[in-house]
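Q: fold the following, please.
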Amino acid sequence: MSGIVILLVYVDDIIITGIDCGLITKLQQLLHATFHMKDLGQLTYFLGLEVHHQASGIFVNQHKYIQDLITLASLEDTSSVDTPMEVNVKYRKDEGDFLNDYTLYRRLVSQFMSAPRHLHLAAVRRIIRYLRGSPTRGLFFPTGSSLQLVAYSDDDWAGCPDTRRSTTGWCMFLGDALISWRCKKQDRVSKSSTEAEYRAMSTTCSEIVWLRGLLEELGFLQTTSTPLHANNTSAIQIATNPVFHERTKHIEVDCHSIRDTLESRVISLPHISSDLQVADVFTKAMTRQRHQFLVGKLLLVDLPSLI
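A: Modelled structure (predicted):
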(Lines give C-alpha, C1' and ligand atoms only; values in the text may rest on other atoms or scores of the structure.)
Protein backbone atom coordinates (compact mmCIF):
# COMPACT_ATOMS: atom_id res chain seq x y z
CA MET A 1 0.00 0.00 0.00
CA SER A 2 1.41 3.38 -0.96
CA GLY A 3 0.46 6.95 -0.21
CA ILE A 4 1.07 10.42 -1.54
CA VAL A 5 2.33 13.34 0.48
CA ILE A 6 1.17 16.76 -0.74
CA LEU A 7 2.22 20.11 0.65
CA LEU A 8 -0.40 22.78 0.06
CA VAL A 9 0.38 26.44 0.70
CA TYR A 10 -2.33 29.08 0.69
CA VAL A 11 -1.36 32.70 0.13
CA ASP A 12 -3.91 35.51 -0.12
CA ASP A 13 -3.42 38.73 -2.04
CA ILE A 14 -2.05 40.63 0.92
CA ILE A 15 -0.30 38.42 3.43
CA ILE A 16 0.49 34.81 4.14
CA THR A 17 -2.14 33.48 6.51
CA GLY A 18 -1.41 31.28 9.48
CA ILE A 19 -3.46 28.22 10.42
CA ASP A 20 -6.97 28.90 9.12
CA CYS A 21 -9.11 26.00 10.40
CA GLY A 22 -12.10 27.00 8.31
CA LEU A 23 -10.06 27.08 5.12
CA ILE A 24 -8.45 23.75 5.98
CA THR A 25 -11.87 22.17 6.49
CA LYS A 26 -13.12 23.42 3.14
CA LEU A 27 -10.00 22.12 1.43
CA GLN A 28 -10.42 18.72 3.09
CA GLN A 29 -14.02 18.53 1.91
CA LEU A 30 -12.94 19.34 -1.64
CA LEU A 31 -10.23 16.68 -1.56
CA HIS A 32 -12.62 14.12 -0.05
CA ALA A 33 -15.00 14.71 -2.95
CA THR A 34 -12.24 14.03 -5.47
CA PHE A 35 -9.90 11.48 -3.86
CA HIS A 36 -10.19 8.48 -1.58
CA MET A 37 -8.55 9.80 1.60
CA LYS A 38 -8.99 10.21 5.33
CA ASP A 39 -7.86 12.71 7.94
CA LEU A 40 -5.30 11.13 10.29
CA GLY A 41 -5.39 14.08 12.66
CA GLN A 42 -2.36 15.81 14.13
CA LEU A 43 0.95 14.46 12.85
CA THR A 44 2.65 12.15 15.35
CA TYR A 45 4.68 9.71 13.22
CA PHE A 46 6.00 9.96 9.67
CA LEU A 47 8.74 8.01 7.87
CA GLY A 48 10.41 7.01 11.13
CA LEU A 49 10.15 10.50 12.64
CA GLU A 50 8.23 10.88 15.91
CA VAL A 51 6.63 14.31 16.24
CA HIS A 52 5.68 15.83 19.60
CA HIS A 53 3.62 19.04 19.73
CA GLN A 54 4.00 21.42 22.66
CA ALA A 55 3.11 25.01 23.38
CA SER A 56 6.80 25.97 23.17
CA GLY A 57 7.32 24.33 19.79
CA ILE A 58 7.64 21.06 17.91
CA PHE A 59 10.04 18.28 18.89
CA VAL A 60 11.14 15.57 16.43
CA ASN A 61 13.13 12.44 17.27
CA GLN A 62 13.65 8.84 16.13
CA HIS A 63 13.28 6.95 19.38
CA LYS A 64 11.80 3.77 17.89
CA TYR A 65 14.40 3.66 15.11
CA ILE A 66 17.21 3.99 17.65
CA GLN A 67 15.77 1.20 19.77
CA ASP A 68 15.58 -1.01 16.68
CA LEU A 69 19.25 -0.27 15.90
CA ILE A 70 20.28 -1.16 19.45
CA THR A 71 18.39 -4.45 19.21
CA LEU A 72 19.80 -5.25 15.77
CA ALA A 73 23.36 -4.72 17.04
CA SER A 74 22.63 -6.71 20.26
CA LEU A 75 23.75 -3.80 22.44
CA GLU A 76 20.82 -3.71 24.88
CA ASP A 77 23.00 -4.56 27.90
CA THR A 78 26.08 -2.48 27.07
CA SER A 79 27.06 0.84 28.62
CA SER A 80 26.59 4.10 26.74
CA VAL A 81 29.32 6.56 25.70
CA ASP A 82 29.34 10.37 25.64
CA THR A 83 30.60 10.87 22.07
CA PRO A 84 29.98 8.99 18.82
CA MET A 85 33.66 8.83 17.79
CA GLU A 86 37.00 8.53 19.55
CA VAL A 87 39.27 11.57 19.36
CA ASN A 88 42.41 11.23 17.18
CA VAL A 89 41.32 7.86 15.75
CA LYS A 90 41.26 7.44 11.97
CA TYR A 91 39.95 4.33 10.24
CA ARG A 92 41.62 2.92 7.13
CA LYS A 93 39.90 0.63 4.66
CA ASP A 94 42.60 -2.07 4.99
CA GLU A 95 43.24 -1.87 8.74
CA GLY A 96 42.64 -4.90 10.98
CA ASP A 97 41.22 -8.35 10.36
CA PHE A 98 38.29 -9.04 8.04
CA LEU A 99 34.89 -9.82 9.51
CA ASN A 100 33.89 -13.44 9.12
CA ASP A 101 30.30 -12.42 8.42
CA TYR A 102 29.54 -9.08 6.75
CA THR A 103 25.74 -9.31 7.14
CA LEU A 104 25.31 -7.26 10.33
CA TYR A 105 27.79 -4.60 9.25
CA ARG A 106 26.10 -4.10 5.90
CA ARG A 107 22.71 -3.73 7.57
CA LEU A 108 24.05 -0.99 9.82
CA VAL A 109 26.34 1.19 7.69
CA SER A 110 27.43 2.21 4.19
CA GLN A 111 31.21 2.83 4.42
CA PHE A 112 33.89 0.15 3.80
CA MET A 113 31.12 -2.06 2.42
CA SER A 114 33.34 -4.10 0.10
CA ALA A 115 35.62 -5.43 2.83
CA PRO A 116 34.63 -4.37 6.37
CA ARG A 117 37.01 -5.12 9.24
CA HIS A 118 36.52 -5.76 12.95
CA LEU A 119 37.70 -2.21 13.74
CA HIS A 120 35.05 -0.78 11.40
CA LEU A 121 32.28 -2.71 13.17
CA ALA A 122 33.65 -1.56 16.54
CA ALA A 123 33.36 2.05 15.37
CA VAL A 124 29.75 1.46 14.32
CA ARG A 125 28.96 -0.14 17.66
CA ARG A 126 30.35 2.92 19.43
CA ILE A 127 27.97 5.18 17.48
CA ILE A 128 25.03 3.00 18.51
CA ARG A 129 26.21 3.01 22.14
CA TYR A 130 26.23 6.81 21.92
CA LEU A 131 22.64 6.74 20.65
CA ARG A 132 21.74 4.35 23.47
CA GLY A 133 22.70 7.04 25.97
CA SER A 134 20.31 9.58 24.40
CA PRO A 135 17.47 7.61 22.74
CA THR A 136 14.91 10.41 23.09
CA ARG A 137 17.19 13.20 21.90
CA GLY A 138 15.94 15.09 18.88
CA LEU A 139 15.53 18.43 17.15
CA PHE A 140 13.49 21.21 18.69
CA PHE A 141 11.71 23.80 16.53
CA PRO A 142 10.68 26.63 18.88
CA THR A 143 7.51 28.61 18.41
CA GLY A 144 8.07 32.15 17.16
CA SER A 145 11.55 31.47 15.80
CA SER A 146 12.92 33.89 13.23
CA LEU A 147 12.57 32.98 9.55
CA GLN A 148 16.06 34.27 8.70
CA LEU A 149 18.24 31.64 7.02
CA VAL A 150 21.69 31.26 8.60
CA ALA A 151 24.51 28.93 7.44
CA TYR A 152 27.76 27.50 8.82
CA SER A 153 30.50 25.82 6.77
CA ASP A 154 33.60 23.91 7.83
CA ASP A 155 36.01 21.22 6.64
CA ASP A 156 38.43 18.62 7.93
CA TRP A 157 41.44 19.14 5.70
CA ALA A 158 42.99 15.91 4.33
CA GLY A 159 41.11 13.99 6.98
CA CYS A 160 40.75 10.71 5.08
CA PRO A 161 43.89 8.61 5.75
CA ASP A 162 43.32 6.51 2.61
CA THR A 163 42.79 9.24 0.00
CA ARG A 164 43.70 12.46 1.85
CA ARG A 165 40.47 13.98 0.66
CA SER A 166 38.88 16.52 2.98
CA THR A 167 35.43 16.30 4.53
CA THR A 168 32.91 19.08 4.00
CA GLY A 169 30.45 19.84 6.77
CA TRP A 170 27.67 22.42 6.71
CA CYS A 171 24.42 23.16 8.50
CA MET A 172 21.53 25.57 7.96
CA PHE A 173 19.28 27.20 10.52
CA LEU A 174 15.95 28.94 10.09
CA GLY A 175 16.21 31.28 13.00
CA ASP A 176 17.30 29.03 15.88
CA ALA A 177 16.01 25.81 14.31
CA LEU A 178 18.31 23.40 12.45
CA ILE A 179 16.65 22.50 9.14
CA SER A 180 19.41 21.10 6.91
CA TRP A 181 22.88 19.60 7.32
CA ARG A 182 25.43 17.43 5.57
CA CYS A 183 28.88 15.94 5.87
CA LYS A 184 30.58 14.41 2.84
CA LYS A 185 34.06 13.77 1.49
CA GLN A 186 35.13 16.20 -1.18
CA ASP A 187 35.56 14.70 -4.64
CA ARG A 188 39.12 16.04 -5.05
CA VAL A 189 42.23 16.32 -2.91
CA SER A 190 42.83 19.87 -1.65
CA LYS A 191 46.43 21.03 -1.41
CA SER A 192 45.79 23.42 1.48
CA SER A 193 43.32 24.02 4.28
CA THR A 194 42.23 27.20 2.51
CA GLU A 195 41.37 25.29 -0.66
CA ALA A 196 39.44 22.69 1.33
CA GLU A 197 37.54 25.41 3.17
CA TYR A 198 36.76 27.20 -0.08
CA ARG A 199 35.33 24.06 -1.63
CA ALA A 200 33.20 23.57 1.47
CA MET A 201 31.95 27.15 1.22
CA SER A 202 31.06 26.62 -2.45
CA THR A 203 28.99 23.52 -1.67
CA THR A 204 27.25 25.33 1.18
CA CYS A 205 26.55 28.29 -1.09
CA SER A 206 24.70 26.04 -3.55
CA GLU A 207 22.48 24.77 -0.73
CA ILE A 208 21.78 28.34 0.39
CA VAL A 209 20.63 29.32 -3.10
CA TRP A 210 18.32 26.29 -3.25
CA LEU A 211 16.85 26.87 0.21
CA ARG A 212 16.26 30.56 -0.43
CA GLY A 213 14.35 29.61 -3.58
CA LEU A 214 12.29 27.05 -1.68
CA LEU A 215 11.47 29.51 1.10
CA GLU A 216 10.42 32.10 -1.48
CA GLU A 217 8.05 29.56 -3.09
CA LEU A 218 6.54 28.97 0.34
CA GLY A 219 6.04 32.71 0.75
CA PHE A 220 8.95 33.45 3.08
CA LEU A 221 11.12 35.76 1.01
CA GLN A 222 14.63 36.29 2.40
CA THR A 223 14.95 40.08 2.27
CA THR A 224 18.54 40.17 3.51
CA SER A 225 21.71 38.29 2.66
CA THR A 226 22.14 34.85 4.19
CA PRO A 227 25.19 34.88 6.49
CA LEU A 228 27.57 32.02 5.68
CA HIS A 229 29.81 31.69 8.73
CA ALA A 230 33.35 30.45 8.06
CA ASN A 231 36.42 30.45 10.27
CA ASN A 232 39.13 30.43 7.58
CA THR A 233 40.19 34.05 7.02
CA SER A 234 42.20 33.21 3.89
CA ALA A 235 39.18 31.62 2.19
CA ILE A 236 37.05 34.65 3.05
CA GLN A 237 39.70 37.00 1.64
CA ILE A 238 39.81 35.06 -1.64
CA ALA A 239 36.03 35.29 -1.92
CA THR A 240 35.99 39.04 -1.33
CA ASN A 241 39.01 39.83 -3.52
CA PRO A 242 37.90 40.77 -7.07
CA VAL A 243 41.29 39.84 -8.53
CA PHE A 244 42.12 36.24 -9.42
CA HIS A 245 45.68 35.16 -8.73
CA GLU A 246 47.74 32.22 -9.98
CA ARG A 247 47.18 30.41 -6.70
CA THR A 248 43.39 30.43 -7.16
CA LYS A 249 43.14 29.26 -10.79
CA HIS A 250 42.60 25.62 -9.75
CA ILE A 251 39.47 26.63 -7.83
CA GLU A 252 38.32 29.30 -10.26
CA VAL A 253 34.85 27.80 -10.78
CA ASP A 254 34.24 27.81 -7.02
CA CYS A 255 35.58 31.38 -6.87
CA HIS A 256 33.14 32.60 -9.51
CA SER A 257 30.26 30.73 -7.88
CA ILE A 258 30.78 32.23 -4.44
CA ARG A 259 31.64 35.69 -5.74
CA ASP A 260 28.48 35.89 -7.85
CA THR A 261 26.28 35.16 -4.85
CA LEU A 262 28.33 37.53 -2.71
CA GLU A 263 28.10 40.41 -5.18
CA SER A 264 24.37 39.85 -5.69
CA ARG A 265 23.95 39.95 -1.90
CA VAL A 266 22.54 36.44 -1.72
CA ILE A 267 25.15 35.66 0.94
CA SER A 268 27.45 37.51 3.29
CA LEU A 269 30.65 36.04 4.72
CA PRO A 270 31.02 36.91 8.40
CA HIS A 271 34.09 35.44 10.07
CA ILE A 272 33.46 33.25 13.09
CA SER A 273 35.99 31.94 15.59
CA SER A 274 36.79 28.24 15.50
CA ASP A 275 35.38 27.87 19.02
CA LEU A 276 31.92 28.92 17.81
CA GLN A 277 31.97 27.10 14.44
CA VAL A 278 28.85 24.94 14.76
CA ALA A 279 29.60 22.94 11.59
CA ASP A 280 32.75 21.60 13.31
CA VAL A 281 30.63 18.81 14.80
CA PHE A 282 29.98 17.41 11.30
CA THR A 283 33.63 17.07 10.26
CA LYS A 284 35.62 15.50 13.09
CA ALA A 285 35.63 13.69 16.42
CA MET A 286 35.88 15.85 19.53
CA THR A 287 36.03 15.76 23.30
CA ARG A 288 32.93 15.27 25.42
CA GLN A 289 32.79 18.93 26.51
CA ARG A 290 33.21 20.25 22.96
CA HIS A 291 30.70 17.76 21.56
CA GLN A 292 28.05 18.61 24.16
CA PHE A 293 28.55 22.34 23.59
CA LEU A 294 27.96 22.06 19.83
CA VAL A 295 25.04 19.64 20.22
CA GLY A 296 23.38 22.28 22.39
CA LYS A 297 23.95 24.89 19.67
CA LEU A 298 22.14 22.60 17.23
CA LEU A 299 19.11 22.54 19.57
CA LEU A 300 19.46 18.79 19.94
CA VAL A 301 17.74 18.21 23.26
CA ASP A 302 16.17 15.38 25.24
CA LEU A 303 12.39 15.08 25.19
CA PRO A 304 11.92 14.80 29.00
CA SER A 305 13.43 18.28 29.44
CA LEU A 306 10.60 19.78 27.38
CA ILE A 307 7.53 18.11 28.89
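
Q: please count neighbours and contacts with C-alpha atoms only from this point.
A: Fine.

Q: where do the helices of the stretch 1-150 of the chain begin and end?
A: Counting by DSSP state H, counting those that start in this stretch, the stretch 1-150 of the chain has helices at residues 21-34, 63-72, 103-108, 118-132.

Q: dump those helices to JSON lines, plus distance to residue 157 and mean pLDDT.
A: Output for the helices of the stretch 1-150 of the chain, formatted as JSON lines (distance: least, C-alpha to C-alpha, whole Å; pLDDT from 0 to 100):
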{"stretch": "helix 21-34", "distance to residue 157": "50", "mean pLDDT": "80"}
{"stretch": "helix 63-72", "distance to residue 157": "31", "mean pLDDT": "95"}
{"stretch": "helix 103-108", "distance to residue 157": "27", "mean pLDDT": "92"}
{"stretch": "helix 118-132", "distance to residue 157": "21", "mean pLDDT": "95"}
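
Q: how near is residue 195 to residue 251?
A: 8 Å (C-alpha to C-alpha, to the nearest Å).

Q: cool, residue 100 as well?
A: In terms of C-alpha to C-alpha, residue 100 sits 44 Å off from residue 251.

Q: neighbour-wise, which of those two wins?
A: Taking other C-alpha atoms under 10 Å, residue 100 and residue 251 do not tie; residue 251 has more neighbours (15 against 9).

Q: how about the residue nearest the centre of the chain, what does it touch?
A: For the chain, the residue sitting closest to the mean C-alpha position, by C-alpha atoms, centre = their mean, is residue 181 at 1.7 Å. By C-alpha atoms under 8 Å, 6 or more residues apart in numbering, residue 181 lies in contact with 169-172.

Q: now the helix or strand containing it: buried residues?
A: Assigned by DSSP states H and E, residue 181 belongs to strand 177-185. By 16 or more other C-alpha atoms under 10 Å, the buried positions in strand 177-185 come out as 177-178, 181, 183, 185.

Q: residue contacts, the nearest residue to residue 142 once chain neighbours are set aside?
A: In space, and not counting its chain neighbours, residue 142 is closest to residue 57: 4.2 Å by C-alpha to C-alpha, 6 or more residues apart in numbering. Residues in contact with residue 57, defined by C-alpha under 8 Å, 6+ apart, are 140-143.

Q: want to throw those residues into CSV with pLDDT, neighbour count and distance to residue 216?
A: Shown next, in CSV, are the contacts of residue 57 (pLDDT from 0 to 100; neighbours: other C-alpha atoms under 10 Å; distance: C-alpha to C-alpha, whole Å):
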residue, pLDDT, neighbour count, distance to residue 216
140, 93, 23, 23
141, 93, 21, 20
142, 92, 17, 21
143, 90, 12, 20
